[in-house]
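J.: Have a look at this prediction, sequence included:
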Amino acid sequence: MSSQEGQGYKVKTRTFEGPLDLLLTLIQERKLHISDVSLAEITDDYISYIESLPEFPTREAADFILVASTLVLIKSRALLPALTLTEEEEENIENLEERLRLLKRMRDLVPIVRERYGAAIVYYREPSKDIIPVFAPTGELTAPNLLSTVMNVLKRLPKISDIPQIMVRKVISLEEMMDDLAGRIRGALAISFKEFARDKKDTIGIVVSFLAMLELVKRGIITVRQDKHFEDIAMESGDVATPKYL
């Protein structure tokens, strides 16, 4: 058994000498009996052949595996013609046969594809388009989840002790809160709801802050993101020209 370097791998036995593909063809056409061929010797000889090459022949090795697998399947059936196989074993053999057929089909199509397309680019990337910012929340960004996040923030705020005196509280409007939030985001580019609501001293202020956030999202001025349930809400500018740091 020998191989010829520079001309591709060739089989040389007492009964056959030539390319491995030709050996498979002769066996499939019943011009050569599979029992006259030693697959172990062919495999050992091929391993010695590729070890002598300066680089591993990936494509040629794939072809060898395809042909050798087909020969193993043929020889197994020839040696065990009356063997009773289980249903699972039959399915495995049929699966192998189907894979070998597909591999052979792909090999046969390679020259046709190369001739038809050559080095031409078949697929190309679609030119980028100007993206209009819209509020497109994910399935997790729902009203109950947002409300749960706000309630979680409220629970973590320090409690204010009741002071037995009359207090005059300033009522902040929704528009004022929206201006405040928009200004904070313009200055910092991004801010979390927890950070923004930290200086709100009562429940009303936090609720108004939350409503201001929703209104700014609705108007496309800011965008929000919540990675998991009950986590803090990240807010950033909705301007596409503004760099994003979150």
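T.: That came in fine, so what should we check first? Everything numeric in this text was worked out from a predicted model, so none of it was measured.
J.: what residues go with each domain of the protein?
T.: As recorded under automatic domain parsing, the domains making up the chain are 11-117, 143-237.
J.: can you list the ones you listed in TSV and add mean neighbour count and mean pLDDT?
T.: Every residue, glycine included, has its C-beta placed from N, CA and C. Listed next are these as TSV, based on neighbours: other Cβ atoms under 10 Å; pLDDT from 0 to 100:
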stretch	mean neighbour count	mean pLDDT
domain 11-117	13	74
domain 143-237	15	81
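J.: Now render the ones you listed as TSV, adding distance to Val134.
T.: Shown next, in TSV, are the domains of the chain (distance: least, Cβ to Cβ, whole Å):
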stretch	distance to Val134
domain 11-117	39
domain 143-237	7
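J.: Of these, which is nearest Pro133?
T.: Among the domains of the chain, the nearest to Pro133 by Cβ to Cβ is domain 143-237 (5.7 Å).
J.: so how far is the first residue of the closest one from its last?
T.: Taking Cα to Cα, to the nearest Å, domain 143-237 runs 21 Å from one end to the other.
J.: next one: stretch 196-210 to chain centre, how far?
T.: Centroid separation for stretch 196-210 versus its chain: 41 Å, with Cα atoms, centre = their mean, to the nearest Å.
J.: Ends of that stretch, what's the gap?
T.: Termini of stretch 196-210 sit 10 Å apart (Cα to Cα).
J.: Need the contact partners of it.
T.: Here stretch 196-210 makes contact (Cβ atoms under 8 Å, 6 or more residues apart in numbering) with 146, 150, 153-154, 157, 160, 169, 171-172, 174, 177, 181, 184, 193, 213, 235.
J.: any idea how far Tyr49 is from Leu20?
T.: Tyr49 sits 11 Å away from Leu20, taking Cβ to Cβ, to the nearest Å as the criterion.
J.: what touches both of those two?
T.: Tyr9.
J.: Could you pull out the strands in this protein for me?
T.: In the chain, the strands defined using DSSP state E lie at 11-12, 17-18, 190-192, 222-225, 234-237.
J.: Pull the residues that contact the fourth one.
T.: Same thing as strand 222-225. By Cβ under 8 Å, 6+ apart, strand 222-225 touches 133, 135, 137, 141, 181-182, 185, 193, 213, 216-217, 233-238, 246.
J.: swap the cut-off to 6 Å and go again
T.: With contact meaning Cβ atoms under 6 Å, 6 or more residues apart in numbering, strand 222-225 is reached by 185, 216-217, 233-236, 238.
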